[in-house]
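**Q** need coordinates for the following:
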Amino acid sequence: MTILISCPACKSEEEHEILSKGRDLLVKCSACGNVHRIPLPQDPEPIQVKAIVSSGNESRTCSVELLPDDPCDVGDPLVAECGDDAVGVEITSIESGGKRVNSSRAADVETLWTRVIERVVVKISVHDGWRTIPLYLTCDGEEPFVVNEIYTVNRIRFRISHIKLRDGPILRKEGWKAVAFKITRIYAYRV
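**A** This is a model prediction of the structure:
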């Protein structure tokens, strides 16, 4: 393992091989071979980042523990602490510098806007002749749904014709699948 630090012998910043680790690090300069001790680098303290967690029609203020230099990107999965509960969430938007951005360093984030991905509600539109039956299925966020497969919800059997994803695409080919937390709506016909 190596570390990039200033060498007291060569007076330049060079890669150093870590020879041993105790109260200090014993390192060897890869440029001149000088062996010397340096203090152990301090691990940064974690920070609490404000997170708005949405689940269905409800939202609540929670927090996410991150290191200051951790990258935050829209679509990243995280764990939010909401009181005594820990909830799996996905970042849907980031507020940094008074505006919405797609990515930021954790220390620069003002608010993370998230949605719960552990238990989600999947909206299903089942076409039955001239009418459409709306169904709402509460399921695990990682549950897969497959185009052209048959499912039963509230005693209504249906075959999935296509799946609309949150990030835009529509899955239409037989066998294509998506997990529940990525789905905006499932379109199906009654069997």
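**Q** residue contacts, the closest residue to Lys177 other than its chain neighbours?
**A** Of all residues not flanking Lys177 in the chain, Val146 sits nearest, at 4.2 Å (Cβ to Cβ, 6 or more residues apart in numbering). C-beta coordinates here come from the backbone N, C-alpha and C atoms, glycine included. Counting by Cβ atoms under 8 Å, 6 or more residues apart in numbering, Val146 touches 160, 175-177.
**Q** let's see 7 Å
**A** Counting by Cβ atoms under 7 Å, 6 or more residues apart in numbering, Val146 touches 160, 175, 177.
**Q** could you do Trp113 as well?
**A** Residues in contact with Trp113, defined by Cβ under 7 Å, 6+ apart, are 52, 92-93.
**Q** ok, of the residues you listed, which come out buried?
**A** Taking 16 or more other Cβ atoms under 10 Å as the criterion, what is buried in those is Ile52.
**Q** from the contacts of Trp113, which land in strands?
**A** In strands, judged by DSSP state E, the following of these are found: 52, 92-93.
**Q** quick one on the thing from earlier: nearest to Leu40 among the contacts of Val146?
**A** Comparing the contacts of Val146 against Leu40 with Cβ to Cβ picks out Lys177 as the nearest, at 47.7 Å.
**Q** neighbours around the closest one, how many?
**A** 12 (other Cβ atoms under 10 Å).
**Q** now swap in Gly98 and tell me
**A** Counted with other Cβ under 10 Å, the neighbours of Gly98 add up to 6.
**Q** can you tell me how far it sits from Ser59?
**A** Plainly put, Gly98 is 20 Å away from Ser59 if you go by Cβ to Cβ, to the nearest Å.
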